[in-house]
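> just to be clear, the model below is a prediction. Sequence and coordinates:
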Amino acid sequence: MQQLVIVTGLSGAGKTVVLRSLEDMEFYCVDNLPVNMLHQLAQNISADQEFYPKVAVGIDIRNKNSDLNAFNELLESIDQSALKIKIIFLSADPKTILKRYSETRRRHPLSTDQHKYSLTEAIKIENQLMSEFKAHADLIIDTSQLKIQQLKQQIWQIMSQRNESVSVIVKSFAFKRGVPFDADFVFDARCLPNPYWHAELRNLTGQDAAVKQFLQQESIVQEYLDDLCYFAKKWISEFQANDRSYITIAIGCTGGQHRSVFLVESLHEFLERKSIQNMLQHRELN
């Protein structure tokens, strides 16, 4: 089926990085498309599926407010019988966006001579104006704590998945660096025995055999993992029944190096055995 990926979200959250990644994956990319041209674009590419098998468009705040508010109506007007539309929304917390604009010295689209908002005001207003897009997104990616290469890798993983069923993103993280804002479910593994307190395991990760062996011999770890797998198996099917394309399960521990990594790797293996599409991510491991 022909693909149309709509890349949208907040200014400074990484839309350009995502579009360039899609271009590397042989998508025909159009940046800063006026919202009111979306229907016409869909008609044009549908008429020539051989030339436009994969198309990605970037849509952002640089549109009339009335057009942004009409996004839902435009989506419903597009014939999607032969066109698979996927909406990726890029987000980041205000503090991160402020820092990125300060580092690049670029102007926010709402901080121009025409709008004259301060950067802080512009970020807040953009969040409100883009809420319609966020509500219809198939996938929301929070890039606050992602490096550019991690974001690129995530996009490659997402676009390599089949489209006929829900895809599960299983992610490890460190609580000391904050909970991922794009997680649908968050599990806390800090109650489990910590390999960090064993000198011979401290510099290893949950991917190493010695750490795996240490955690596997702890009955409480196995009990936690059994509950986690049961939960995932039971509720993933419910999300699929409600037409969700992606769900994110995040598992955290103190440093995001041992326990959370081990549990995410183990859950990934369980989902693979159950033939459930899933993507493996370790936020704190380079």
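Nice, I can see it.
> could you use CA atoms for every contact and neighbour count after this?
OK.
> Phe214 contacts Pro193, doesn't it?
No. The pair Phe214 / Pro193 is not scored as a contact, 9.1 Å apart, by C-alpha atoms under 8 Å.
> let me see the mean pLDDT of the helix or strand containing Ser260.
Using DSSP states H and E, the element containing Ser260 is helix 259-273. Summarised as a single mean, pLDDT over helix 259-273 is 96.
> give the buried residues for it.
For helix 259-273, burial by neighbour count (16 or more other C-alpha atoms under 10 Å) applies to 259-268, 270-271.
> reformat the residues you listed as CSV; add distance to Lys99.
What follows is the buried residues of helix 259-273, written out as CSV (distance: C-alpha to C-alpha, whole Å):
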residue, distance to Lys99
Arg259, 31
Ser260, 29
Val261, 29
Phe262, 33
Leu263, 33
Val264, 31
Glu265, 33
Ser266, 36
Leu267, 35
His268, 34
Phe270, 39
Leu271, 38
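> closest to Glu223 among those?
Using C-alpha to C-alpha, Leu263 is the member of the buried residues of helix 259-273 that lies nearest Glu223, at 11.4 Å.
> for Ile158, see how far away that closest one is.
Leu263 is 21 Å from Ile158, where distance means C-alpha to C-alpha, to the nearest Å.
> sec struct for Cys29, please.
strand (DSSP: H, G, I helix; E, B strand; the rest coil).
> that one: neighbour count?
Look at Cys29: counted by other C-alpha atoms under 10 Å, it has 18 neighbours.
> got the domain ranges for this protein?
Residue ranges for the domains of the chain, per automatic domain parsing: 2-159, 167-282.
> between those, which gets the lowest average pLDDT?
domain 2-159 (a mean of 88).
> and Lys134, how many neighbours?
21.
> name all residues that make contact with it.
Lys134 is in contact with 9, 89, 140, counting by C-alpha atoms under 8 Å, 6 or more residues apart in numbering.
> in which helix or strand does it reside?
helix 131-135.
> would you mark the buried spots in the next helix or strand after the helix holding Ser260?
The element immediately downstream of helix 259-273 (helix or strand, assigned by DSSP H and E) is strand 278-282. Across strand 278-282, burial judged by 16+ other C-alpha under 10 Å covers 278-282.
> which residues sit against strand 278-282?
154, 157-158, 167-173, 256, 261, 264-265, 268, 271-272.
> quick one: buried residues of the helix holding Lys134?
Buried residues in helix 131-135, counted by 16+ other C-alpha under 10 Å: 133-134.
> residues making contact with the next helix or strand after that helix?
Using DSSP H and E, the helix or strand that follows helix 131-135 in sequence is strand 139-142. For strand 139-142, contacts defined as C-alpha under 8 Å, 6+ apart pick out 13, 87-93, 134, 180-182, 245-246.
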